[in-house]
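> This is the structure alone, sequence omitted:
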Ligand SMILES: Nc1ncnc2c1ncn2[C@@H]1O[C@H](COP(=O)(O)OP(=O)(O)OP(=O)(O)O)[C@@H](O)[C@H]1O
Ligand SMILES: [Mg+2]
């Protein structure tokens, strides 16, 4: 099956000599197209560092990351930035929405920043899937608890190769967390979206296809949740029906 993401002996060290921190210390793993992977581990184990490397937000000390068969750290900074905008959807704990833009404007902002026209049909489908139809004209601050739905819609809107989420439910109560996770899983399946999500919450991690445990910057265990991937999801993946065709690489 197609590997959408792959790392090879990925290392990230901060500082020098005695004060050196090995935030990532030789990580090898890969993610298949359409898979939903949860990354768990104690605080300081290297989860966010890993996510930053996977999304090209920061460069590793050594090692490689391939996204869609592209060696992303082989790109110069400008090209890496464009690559990130086109291929990676980020969802962070604190939403990072633009407060003066309404919900719809927030969702399509990354598409417009990239100078692309909005695929209205697809974006409306995402908005509906996340239950945001009646909220499009509201400001983010007017949504009680629904801001992470907007952040997820924004991340999906560009049809990224991978959606990376760092503690997306970290600021939410447990009922809303379940709700947001359920929506992420549902949209992941519906749009054949590959998702890598960090969580502290072991219960939420159980909703994923595979759980990766990281300790002291190393992968210490992997647990498969679903061995059987429904046939229709497989077909979707093969045809890549929801993806933009002929997208220019940076
Ligand atoms: N910019 C930095 N400079 C120096 N050390 C850093 C930096 N970023 C992270 N670290 C260190 O690297 C290690 C891994 O940090 P990271 O943020 O990846 O952990 P985490 O698993 O995401 O933790 P948490 O669950 O608390 O978010 C920690 O020891 C942290 O202090
Ligand atoms: Mg973290």
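That came in fine, so what should we check first? As the structure is a computational prediction, the values presented were derived from the model and not from experiment. Ligands and ions are numbered 1, 2, ... in the order given.
> So which elements touch the longest helix seen in the chain?
Scanning the chain for the longest helix, with DSSP state H as the assignment, gives helix 174-190. Packing partners of helix 174-190 (3 or more C-beta pairs under 8 Å, 6 or more residues apart in numbering; DSSP states H and E): helix 120-129, helix 147-157, strand 162-166, strand 194-198, helix 202-205. (C-beta placed from N, C-alpha, C; glycine too.)
> Could you rerun that using 7 Å?
helix 120-129, helix 147-157 (3 or more C-beta pairs under 7 Å, 6 or more residues apart in numbering; DSSP states H and E).
> Where does pLDDT dip in this protein?
Flagging of the chain using pLDDT under 70 yields the residue ranges 1, 226-250.
> now do 50
Within the chain, the ranges that satisfy pLDDT under 50 run 228-250.
> ok, now which ones touch the residue nearest the centre of the chain?
The centre of the chain sits closest to residue 164, judged by C-alpha atoms, centre = their mean, with a distance of 1.6 Å. Listed by C-beta atoms under 7 Å, 6 or more residues apart in numbering, the contact partners of residue 164 are 51, 54, 55, 88, 89, 90, 196.
> Could you do residue 48 as well?
166, 198 are the contacts of residue 48 under C-beta under 7 Å, 6+ apart.
> and it, that one's in a strand?
No - in this structure, residue 48 is helix, not part of a strand, as judged by DSSP: H, G, I helix; E, B strand; the rest coil.
> want to try CSV for the contacts of residue 164, with distance to ligand 1, secondary structure and neighbour count as columns?
Below are the contacts of residue 164 laid out as CSV (distance: C-beta to the nearest ligand atom, whole Å; DSSP: H, G, I helix; E, B strand; the rest coil; neighbours: other C-beta atoms under 10 Å):
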residue, distance to ligand 1, secondary structure, neighbour count
51, 8, helix, 21
54, 12, helix, 23
55, 13, coil, 24
88, 17, strand, 21
89, 19, strand, 26
90, 14, strand, 21
196, 13, strand, 25
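> Right, I'll call it a day here.
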